[in-house]
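Undergrad: pasting a predicted model and its sequence here:
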Amino acid sequence: MTLPSYLVRNLSHLVVSGRDCLAFCGGDQQALLLSVQAPANWSDLLQDLIQPQATSEVLTAASCPAELDATCLGRLLEAGHLLGAETPSQLEHNKREALTKAPALHLSAGEQRCRHLLVGVTGSIVAGLMAQTLLSLRFSGFQEQLDVILTSTAGRFLSRDLLEAYGLRCWQDSFEQQDGIRVPHVALAAGADLICVLPASADSLDRIARSSCRDLLSLTITASLAPVLVAPVMNGTMWNNPGVQRNVQQLREDGRFILEPSMIFGAADFGRDAPPMYGGHGCLWSGPAGLLQALSAVQQMRARSG
């Protein structure tokens, strides 16, 4: 396969990283799983590929992941996870399409993939965009039981009353009782087959990485054996902070899975016609259907690792 001169990430596709593997999700195909030596190197590469990069420079860079060769690039291009062209300007349509075609809802019921899904929503302003994603999850049939944990700060952006009006069971306090559950973190931790933290603020990454047990979400994750998908949401400067990156790497080493960021609009600059920046959970562009693919990929990665 002849490689194109320039490469860019397909913003409608998602990438999940684990301790020693990556899953590329998108389109109608099953996730493409890659065994990798250093997922952090891939994370850096994915950040660079938000903008078009010369293929020759990608392959010869000192930070190039060990697994990335012409054959690997060919597989990623063939599956549409990377896009290629002879000039950078030919790849600009990728960003335009992502910005104009991002679906907010996914109202198509599919196959049940897990019995109990637990979603944690943390104190990012993006939490205010999560209602449609959570309602799509409830409609999807992906899980039999869906529980939502809202951190105290998340409650400033997303209304618990709204979610409960649509039949979602919500939790905020470590001591609250409902539906016969007297100790929430024990019952939720034991019952969950899969946990997703979306959006995950920088502070929540730190709490989960340290097993701080300071709030119901970190307490439940610490008490659970279920696989955990964490979707970081923050601007690029925060994401690249060494302390944040240490926490992300610790999460990977602990067996957690990271939904690699792509693009996000900065709330402070949104009204100034500012361009999108690197950061965010990477689901806004593929919609809730992309999140379902990422959750399924986590199940595959967990099964593969035993």
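TA: Structure's in. What do you need?
Undergrad: in the protein, which residue is most central in space?
TA: For the chain, Leu259 is the residue whose C-alpha lies nearest the centre (CA atoms, centre = their mean; 2.9 Å).
Undergrad: next up, the contacts around that one.
TA: Remark: with contacts taken as CB atoms under 8 Å, 6 or more residues apart in numbering, Leu259 is in contact with Leu14, Val15, Val16, Leu198, Leu229, Val230, Ala231, Pro232, His281, Gly282, Cys283, Ala294. All C-beta spots, glycine's among them, are computed from the backbone N, C-alpha and C.
Undergrad: same question for Gln145.
TA: Counting by CB under 8 Å, 6+ apart, the residues that Gln145 touches are Arg115, His116, Leu117, Arg169, Gly191.
Undergrad: may I ask which of those residues has the most neighbours?
TA: Counting neighbours by other CB atoms under 10 Å, the top entry in the contacts of Gln145 is Leu117, with 23 neighbours.
Undergrad: the residue nearest to the centre of the chain pairs with what?
TA: With DSSP bridges as the criterion, Leu259 is bridged to Val16.
Undergrad: any idea how far Leu107 is from it?
TA: According to CB to CB, to the nearest Å, Leu259 stands 22 Å off from Leu107.
Undergrad: confirm Gly128 sits in a helix?
TA: Yes. Residue state for Gly128 (DSSP: H, G, I helix; E, B strand; the rest coil) corresponds to a helix.
Undergrad: neighbours around it, how many?
TA: Once other CB under 10 Å is used to define contacts, Gly128 is seen to have 15 neighbours.
Undergrad: the one 5 residues further on too?
TA: One way to gauge burial is a neighbour count; for Thr133, by other CB under 10 Å, it gives 24.
Undergrad: in the stretch 201-306 of the chain, which spans are strands?
TA: When secondary structure is read from DSSP state E, counting those that start in this stretch, the stretch 201-306 of the chain shows strands at 228-232, 257-259, 262-264, 277-279.
Undergrad: how far away is the closest residue to Ser12 other than its chain neighbours from Glu97?
TA: Distances taken as CB to CB, 6 or more residues apart in numbering place Ser286 nearest to Ser12, at 4.9 Å, with adjacent residues excluded. As for Ser286, its distance to Glu97 is 11 Å (criterion: CB to CB).
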